[in-house]
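Please work out how this folds:
(one chain, ligands or ions: 1)
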Amino acid sequence: MSFNIADSVSWVGKVDWELRKFHGEEYTTQRGTSYNAYLVRDEKTVLIDTVWEPYGEEFVANLEKNIDLQKIDYVVANHGEIDHSGALSALMCRIPDKPIYCTANGVKSLKGQYHQDWNFQPVKTGDRLNLGSRELIFIEAPMLHWPDSMFCYLTSDKILFSNDAFGQHLASELHYNDLVDQAELYQEAIKYYANILTPFSVLVDKKIKELLALNLPVEMICPSHGVIWRKDPLQIVEQYLKWANAWQENQTTILYDTMWNGTRRMAESLAEGIRTADPLTTIKLYNVARSDKTEVITEVFRSKAVLVGSPTINRGILSSVAAVLEEIRGLFFKNKKAMAFGAYGWSGESVKQISQKLGDAGFTVVNDGLRLTWYPDSQGIKECMEFGRAFAEQLK
Ligand code: FEO
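Residues are numbered from 1 along each chain as shown. As a prediction, this is how the structure comes out:
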């Protein structure tokens, strides 16, 4: 399958409707994804990115329907991660001497993964590749999403090929931002940012400001996943600037796991207390053992505060809560408040441990947390509600 996105530019990627997990088992993709690759034809022909390795042969066969492979003059690898470079092995068997333009870190990444001595041509920000009546301008974009990542900009058509940045794991045969369901598009874009780009927010902010300062006219942004931004393309750039700057909505998220429902009862009562203090705040509760981790992280990203609860087991916390706290630790969320809670029967270490982990993850832990023994009685429920209310007051 292929389609023209401009007179001389075609999409030649793969829509993957089947994918449900990405990055191994880490990231859920209920709406599938796409691996977007683009072919630009001028006096010289350039292929920008490829697709995930399992679709490598299919990609090359499809590409051959569009062009004699020998007529490809240049290959651009904006990013070495296997979802975009995976078809290089199948392709480069057919055109082994063609130059591959990528960053210096891209060379390391591609050599490290494929162990081939391809004709690498390292580029830096500002380098240009003349295609005839157009040029491709390279812009390094380290950590969006790997150290090797880069964008490239096509003059004349005014297209920014942004690779992972501005992408979404969203399979669609409609291909453009103005044609798909807007709520689904927003959800997949924010989920992508929250789970993949949050730790690099400082660099995202800097790179976008650098990009905007170039004053390049942009008519389309073509990411490597999901739909192309052609209607008001800079809307996603402006949204990224907001997300990169300690984004928060009027939301509090409560994460917990429970053994015999004591900690669940505490979670519900804390929520009730928050509600009494701030009836307009969105409160979401997730039993993390039963919830989609990628969605949970997205909700944390949207929140101004989180409460995390676990009963005590073996002088520690439940593994489901430990797992989500480890995920949170690596994402470096900013400007969010937090507290811990948990029911216990005997030793009761969980709350202290959760508070410690939340603090280590960069949250402002506003109190010592709330521990209750066994299953909360009416007094315990009252105490939870009071803690919830006081916590909400601190967020105002
Ligand atoms: Fe879509 Fe970082 O790869």
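
buried residues in stretch 234-249?
236-237, 239-241, 243-244, 247-248 (16 or more other Cβ atoms under 10 Å). All C-beta spots, glycine's among them, are computed from the backbone N, C-alpha and C.

One more: stretch 66-74?
The neighbour-count check on stretch 66-74 (16+ other Cβ under 10 Å) flags 67, 72-74 as buried.

Pull the most distant pair out of the residues you listed.
With Cβ to Cβ as the measure, no two of the buried residues of stretch 66-74 lie farther apart than I67 and Y74, at 12.7 Å.

Residues that sit against both of those two, list them.
Contact criterion Cβ atoms under 8 Å, 6 or more residues apart in numbering; residues shared by I67 and Y74: T45.

quick one: the nearest residue to A246 once chain neighbours are set aside from T198, how far?
The shortest distance from A246 to any non-neighbouring residue, by Cβ to Cβ, 6 or more residues apart in numbering, is to N335 (3.8 Å). Look at N335 and T198: by Cβ to Cβ, to the nearest Å, they are 12 Å apart.

Between these two, which is the more surrounded one?
Each of N335 and T198 had its neighbours counted (other Cβ atoms under 10 Å), and the higher figure belongs to T198 (22 against 12).

Can you verify that one is assigned to a helix?
Yes - using DSSP: H, G, I helix; E, B strand; the rest coil, the secondary structure at T198 is a helix.

pretty sure it contacts L331?
Yes - assessed by Cβ atoms under 8 Å, T198 is found in contact with L331 at 4.5 Å.

can you pull the buried residues of stretch 94-104?
For stretch 94-104, a neighbour-count test (16+ other Cβ under 10 Å) marks 95, 98, 100-103 as buried.

wait, I meant stretch 258-268
Within stretch 258-268, the residues that count as buried by 16+ other Cβ under 10 Å are 258, 262-268.

and the stretch 201-350 of the chain, which residues reach the ligand?
Selection of the stretch 201-350 of the chain residues close to the ligand by Cβ under 6 Å from any ligand atom yields 224-225.

re the thing from before, now, which of the buried residues of stretch 258-268 sits nearest the ligand?
Checking these against the ligand with Cβ to the nearest ligand atom, the nearest one is A267 at 34.6 Å.

Contact partners for that closest one?
Residues near A267 by Cβ under 8 Å, 6+ apart: 254, 256, 258, 285, 307, 309, 341.

Check E299 too.
251, 253, 284, 286.

Could you measure from N119 over to the ligand?
Distance, N119 to the ligand, using Cβ to the nearest ligand atom, to the nearest Å: 23 Å.

That residue against I100, yeah?
Yes - contact criterion Cβ under 8 Å: N119 and I100 qualify, at 6.3 Å.

Number of residues surrounding H23?
By the criterion of other Cβ under 10 Å, H23 has 12 neighbours.

For stretch 178-190, the averaged confidence score.
Per-residue pLDDT values across stretch 178-190 average out to 98.

Buried residues in that stretch, which are they?
For stretch 178-190, a neighbour-count test (16+ other Cβ under 10 Å) marks 180, 185, 187-190 as buried.

Which of the residues you listed sits closest to E135?
Nearest to E135 among those: A189, at 29.1 Å, using Cβ to Cβ.

Just to check, that closest one is in contact with I236?
Yes - taking contacts as Cβ under 8 Å, A189 lies within contact range of I236: 6.6 Å.

Tell me how many other residues crowd the closest residue to N105 other than its chain neighbours.
Spatially, and ignoring its direct neighbours in sequence, N105 is nearest to D148 (3.6 Å; Cβ to Cβ, 6+ apart). D148 has 24 neighbours, counted by other Cβ under 10 Å.

OK, contacts around D148?
Neighbouring residues of D148 by Cβ under 8 Å, 6+ apart: 79-80, 102-103, 105-106, 108-109, 142.

Next: G345.
Shown in contact with G345 (Cβ under 8 Å, 6+ apart): 312, 373-374.

Which of these are buried, as a PyMOL select command?
Buried members of the contacts of G345, defined by 16+ other Cβ under 10 Å, are picked up in PyMOL with:
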select buried, resi 312
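
The contacts of G345 into CSV, with extra columns for pLDDT and secondary structure?
Output for the contacts of G345, formatted as CSV (pLDDT from 0 to 100; DSSP: H, G, I helix; E, B strand; the rest coil):
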residue, pLDDT, secondary structure
T312, 98, strand
T373, 97, strand
W374, 97, coil
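
Out of the contacts of G345, which comes closest to the ligand?
Ranked by distance to the ligand (Cβ to the nearest ligand atom), the contacts of G345 are led by T312 at 38.4 Å.

ok, which stretches of the stretch 251-396 of the chain are strands?
Remark: strands assigned in the stretch 251-396 of the chain by DSSP state E, counting those that start in this stretch are 251-256, 282-287, 305-309, 312-313, 316-317, 337-344, 364-365, 370-373.
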